[in-house]
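*Asks:* Could you work out the structure for the sequence below:
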Amino acid sequence: MDKRGKFIVIDGMDGSGKGTQIRLLQDKLAGKNAFFTREPGGAGNALAEEIRAMLLRPGGPASTATTDFFLFFASRAAHIELTVEPMRQKGTHVLSDRYDSSTFAFQIRGENTDPWLQDMFMKVRETLPAMYYPDLYIVLDLSAEVAYERRAKDAAQEKSKFDTKPLEYHERVRAGFNSFAQHFGPVQFVDAQRTPEEVHADIWKLVSRELGLN
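*Replies:* Sure, this is the predicted structure:
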């Protein structure tokens, strides 16, 4: 049986340059048995993608933090059990653009929800089987002001309902990633307020070490 593949999450605030860094990783890992996916949703996963459309469409029906919380975890269940885990069992490394770190930072802390929802997040996470836990989280970190400005200037990027929220929301999101790292892990932060090449060099060190490519 092939050695089980690793599961790595690339995460960070909108405007952190995450998309650029993932494209650079795709180039670096071409031909190295690596599969790239995303959340909410999942590459090639129709069920998870349907839930993604419900969550992110701008101007859609009114929702609540609790509703979004359970939708994100429903999408995650389909993603892990139908896409990520089968890949890992075949020995393929999986790299995901966002995961439960984003649920915690954006929905739990960003939305400034009641404490019981954070408790629910922790209880749900504690009961999940081992296949739901990544081997490594890499979070691109920069100030909320810079991230907000970058996102506002990016006319080519389609805006979801989360992107149009005020600066205070994005400040809470950044604090949420830091809080996530204190409770869960392993999480490595990378300073995203530098050139893409500098950021990529640090990310590649972490990824190549985790995948045993050094």
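*Asks:* what about the strands in the chain?
*Replies:* Using DSSP state E, the strands assigned to the chain run over residues 7-12, 34-38, 93-97, 136-141, 187-191.
*Asks:* For residue 38, see how far away residue 81 is.
*Replies:* Residue 81 sits 16 Å away from residue 38 when distances are taken as CB to CB, to the nearest Å. The C-beta positions use only the backbone N, C-alpha and C, and glycine is treated the same way.
*Asks:* These two: which is more packed in?
*Replies:* Comparing residue 81 with residue 38 by other CB atoms under 10 Å, the one with more neighbours is residue 38, at 19 against 15.
*Asks:* Identify the residues contacting the nearest residue in space to residue 97 that is not next to it in sequence.
*Replies:* Closest residue in space to residue 97, ignoring its immediate chain neighbours: residue 38 at 3.9 Å, by CB to CB, 6 or more residues apart in numbering. Counting by CB atoms under 8 Å, 6 or more residues apart in numbering, residue 38 makes contact with 96-98.
*Asks:* If you count neighbours, what's buried in stretch 87-102?
*Replies:* Along stretch 87-102, the positions that meet the burial threshold by neighbour count (16 or more other CB atoms under 10 Å) are 87-88, 92-102.
*Asks:* Figure out how far the worst-scoring helix or strand of the chain on mean pLDDT is from the centre of its chain.
*Replies:* Lowest on mean pLDDT, DSSP states H and E among the helices and strands of the chain sits helix 144-153, with a mean of 81. Here the centre of mass of C-alpha atoms in helix 144-153, compared against the chain's by CA atoms, centre = their mean, to the nearest Å, lies 18 Å away.
*Asks:* For the residue nearest the centre of the chain, give me the pLDDT.
*Replies:* Closest to where the C-alpha atoms of the chain average out (CA atoms, centre = their mean) is residue 98, at 1.2 Å. Per-residue pLDDT puts residue 98 at 97.
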